[in-house]
Each structure stands twice: as structure tokens, then as C-alpha cells.
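1. let me see the structure of the following:
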Amino acid sequence: MDDFEEEDEYGRRGYHRRPLRKPHPYDYEDRLNRESGFEEMLREGDRHTEHPRYGQAYNEYQSAKRHYTMTNSQTDKDEMTRHANEHVADTMETVREIYKSADPDLKKRIKTDLTKLISEMPG
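-> Residues are numbered from 1 along each chain as shown. Model prediction:
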């Protein structure tokens with residue numbers, strides 16, 4: 001049996017090249033996005049908007065605010081308001097918890113800071 005009669009790994013006699021696959025139209029775009037780092041930039045953009053110090057409710061508020069700013073839809077506004085209320089409630093609960101166990105000097109400073117904050121807020 002000579003070389004042309006042997007079957008190669010593709011099961012064809014005398015055929016020694018791998019058959020070409022016709023590319024899907026999206027293959028090029030996907031490869032281009034991966035090579036240019038576009039997907040990574042999108043993920044990095046999300047990382048920059050997260051504020052781990054303020055918690056998940058604040059991050060969700062920021063995301064909802066961004067969506068509302070772009071779309072001005074009532075649904076996005078409702079989401080933004082819901083997350084804002086959640087974050088404010090979490091913050092108030094944290095202040096209450098800290099205030100309970102604070103020494104008199106810290107309690108006085110917390111009251112002063114909160115009073116100042118309220119007076120700075122427009123009507």
C-alpha cells in the first residue's frame with residue numbers, strides 16, 4: 001500500500017490537508033473584540049464604578065442612576081429610587097448601631113455631624 005492509498009486522520013485517501021471550516025460572520029467580530037481588549041475594557045469600566053466601601057446597595061444605585069441617565073425611563077428611575085432608599089436605610093441603621101456603643105464624645109460628634117448634614121441639604 002503506497003502513501004496515496006493510506007487513510008489519514010480525516011478518513012480520506014490521499015488527502016493530507018485539514019479541511020477548512022467556513023467562518024461564521026460573528027467569528028471575526030468576536031476575535032477582534034478579544035484581541036483589542038474591548039470586552040476587558042467593559043469589565044474594567046464596571047470595576048471603576050464600584051465602591052466597595054459603600055456596599056452593594058450603593059453600587060446598584062450608581063448602576064441604576066447610569067441607566068436612568070441614558071434612558072430616562074420610568075422603570076430605571078424606579079430602580080434608582082429603590083436602591084437609593086435601600087442605601088439610605090442601610091446607612092441609617094449603621095449610624096444607629098455605632099451610636100449605641102459610642103462613648104459620649106463620639107455621640108456628640110455624630111449628632112453635630114448629622115445636624116450639619118441636614119442643614120446643608122436644600123429644602
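2. does residue 102 count as helix, strand or coil?
-> Following DSSP: H, G, I helix; E, B strand; the rest coil, residue 102 is assigned to coil.
3. whoops, residue 96 was the one
-> On the three-state scheme (three-state DSSP), residue 96 is labelled helix.
4. report the buried residues of stretch 69-89.
-> Across stretch 69-89, burial judged by 16 or more other CB atoms under 10 Å covers 76, 79, 80, 83, 84, 86, 87. Any C-beta I mention is one placed from the backbone N, CA and C, and that applies to glycine too.
5. what does it rub up against?
-> Here stretch 69-89 makes contact (CB atoms under 8 Å, 6 or more residues apart in numbering) with 54, 55, 57, 58, 60, 61, 64, 65, 67, 68.
6. contacting residues for the second one?
-> Residue 55 sits next to 87, 90 when contact means CB under 8 Å, 6+ apart.
7. just curious, which of the contacts of stretch 69-89 is nearest to residue 112?
-> Among the contacts of stretch 69-89, residue 54 lies closest to residue 112 (CB to CB), at 22.3 Å.
8. re the thing from before, how about JSON lines for the buried residues of stretch 69-89, with secondary structure added?
-> Output for the buried residues of stretch 69-89, formatted as JSON lines (three-state DSSP):
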{"residue": "76", "secondary structure": "helix"}
{"residue": "79", "secondary structure": "helix"}
{"residue": "80", "secondary structure": "helix"}
{"residue": "83", "secondary structure": "helix"}
{"residue": "84", "secondary structure": "helix"}
{"residue": "86", "secondary structure": "helix"}
{"residue": "87", "secondary structure": "helix"}
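9. ok, of those residues, which one's closest to residue 103?
-> Among these, and counting by CB to CB, the member closest to residue 103 is residue 87, at 27.3 Å.
10. what's around the closest residue in space to the closest one that isn't next to it in sequence, how many residues?
-> Once flanking residues are discounted, residue 87 sits nearest to residue 57: 4.1 Å by CB to CB, 6 or more residues apart in numbering. With neighbours defined by other CB atoms under 10 Å, the count for residue 57 comes to 18.
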